[in-house]
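Asker: Give me coordinates for this.
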Amino acid sequence: MNDTTTEFAPAAATVEEALLTRRSVRAFLPTPVPRAEVERLLALASRSASNSNCQPWHVHVLTGESKRRLTEALWKALDADGRVAEREYPFQPAPEDWEEPFRTRRRIFGEGLYRDTLGIAAHDAEGRLGHHRRNYDFFGAPVGLILTVSRRPLAGALIDAGLFLQALMLAARHAGLDTCPQASFIDFYPVLRRQLNIPDDQLIVCGVALGYADREHCLSGYRTAREPVGEFTTFHSGELG
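Answerer: Numbers count the residues shown, from 1 in each chain. Have a look, this model is predicted:
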C-alpha cells in the first residue's frame with residue numbers, strides 16, 4: 001500500500017469505506033503509479049467471479065509514451081468528427097434511446113458536472129468539448145487502462161467485466177488510489193483497435209483512468225446522489241410453502 005500524504009486522498013481501510021469513498025475522478029495528479037502496484041491491483045481484480053471461471057477479460061495498460069500516442073490518435077479522430085455512431089456498437093445506447101427514469105438521472109448528472117461544478121453553460125459547446133476532450137488523456141491520470149472481453153460468451157462476459165471493474169476500483173481505493181471508468185473510449189473503438197492491436201474477437205468495454213486524485217481541482221468536490229434502497233428493492237418475505 002502506498003504511504004499517504006496531504007496531497008493524496010486517504011486510503012480506504014475497509015470494503016465499506018472503499019465503497020463509500022469510490023467515485024469517478026476526473027482530475028488526477030501526474031504522480032506515477034509503480035508498475036508493481038498496477039500488477040498487484042490487476043491480480044486482486046482477477047479474483048472476481050466469472051461464469052464457469054471463464055475469466056474473459058483482457059486489460060491493456062498504458063503509461064508514458066504509449067499513453068501519449070493513444071491520446072493524440074484519439075484527439076485527431078475527435079477533431080475529425082470520427083466518432084462511431086451508437087447504432088454501430090452492440091451495447092451503447094443513443095441519447096434518444098434513454099427512457100425514464102434514466103433520462104432524468106443522466107440530465108441531472110450532466111448539469112451537476114458541467115453547469116454547477118465546471119461553470120460551463122448548456123449552450124457553451126466549445127467549453128463542453130474542451131472538458132470532453134480530457135477523457136482521452138484519461139483526465140491526466142498517469143495510468144490508462146482499456147478493458148476488453150471475448151465476444152464469444154458476450155452477455156456473460158459483460159457481467160464478468162463489470163465484476164472485474166468493480167473489484168479493480170475498490171482495490172485501488174484501498175491502496176489510496178482513485179479511478180474513473182470511461183465509456184467514452186468506445187466512441188472511437190476503431191482507433192483503439194489500430195493503436196493497441198486489439199483483435200476483432202475482443203469487445204472493447206471501457207477505459208479506466210488510474211492514479212491519485214487532484215484534490216485541489218474544482219471537480220474534487222463533485223459527488224453524485226444514489227437512490228434509496230426502497231426505490232430499487234422488492235423484499236419477498238413470509239412463510240414458505
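
Asker: rest of the way, CA atoms for contacts and neighbours
Answerer: Will do.

Asker: Surely residue 146 touches residue 57?
Answerer: No. Residue 146 is beyond contact range of residue 57, at 10.4 Å (criterion: Cα atoms under 8 Å).

Asker: Common neighbours of these two, please.
Answerer: Common contact partners of residue 146 and residue 57 (Cα atoms under 8 Å, 6 or more residues apart in numbering): none.

Asker: any low-confidence regions in this structure?
Answerer: Scanning the chain for pLDDT under 70 picks out 1-7, 85-95, 240-241.

Asker: Show me which residues of the top helix by length along the chain are buried.
Answerer: Counting residues, the longest helix found in the chain (DSSP state H) is helix 154-174. Residues of helix 154-174 classed as buried by neighbour count (16 or more other Cα atoms under 10 Å): 156-158, 160-161, 163-174.

Asker: if I look at residue 139, how far off is residue 208?
Answerer: 10 Å (Cα to Cα, to the nearest Å).

Asker: now the residue most central in space within the chain, nearest residue through space, not along the chain?
Answerer: Centroid check for the chain by Cα atoms, centre = their mean gives residue 181 as the closest residue, at 0.3 Å. Once flanking residues are discounted, residue 181 sits nearest to residue 208: 4.4 Å by Cα to Cα, 6 or more residues apart in numbering.

Asker: What is the neighbour count of the nearest residue to residue 202 once chain neighbours are set aside?
Answerer: Distance criterion Cα to Cα, 6+ apart; nearest residue to residue 202, sequence neighbours excluded, is residue 150 at 4.6 Å. Around residue 150 there are 21 other residues, counting by other Cα atoms under 10 Å.

Asker: Residue 150 contacts residue 205, correct?
Answerer: No. Using Cα under 8 Å, residue 150 is not in contact with residue 205; the gap is 10.1 Å.

Asker: Show me what stretch 26-44 is in contact with.
Answerer: 138-143, 167-168, 171-172, 180, 211-214, 217, 219-220.

Asker: Residue 8 is in contact with residue 215, correct?
Answerer: Yes. Counting by Cα under 8 Å, residue 215 does reach residue 8; the two are 7.3 Å apart.

Asker: immediately after the host helix or strand of residue 77, which helix or strand?
Answerer: Assigned by DSSP states H and E, residue 77 belongs to helix 64-79. In the C-terminal direction, the helix or strand that comes right after helix 64-79 (DSSP H and E) is helix 102-110.
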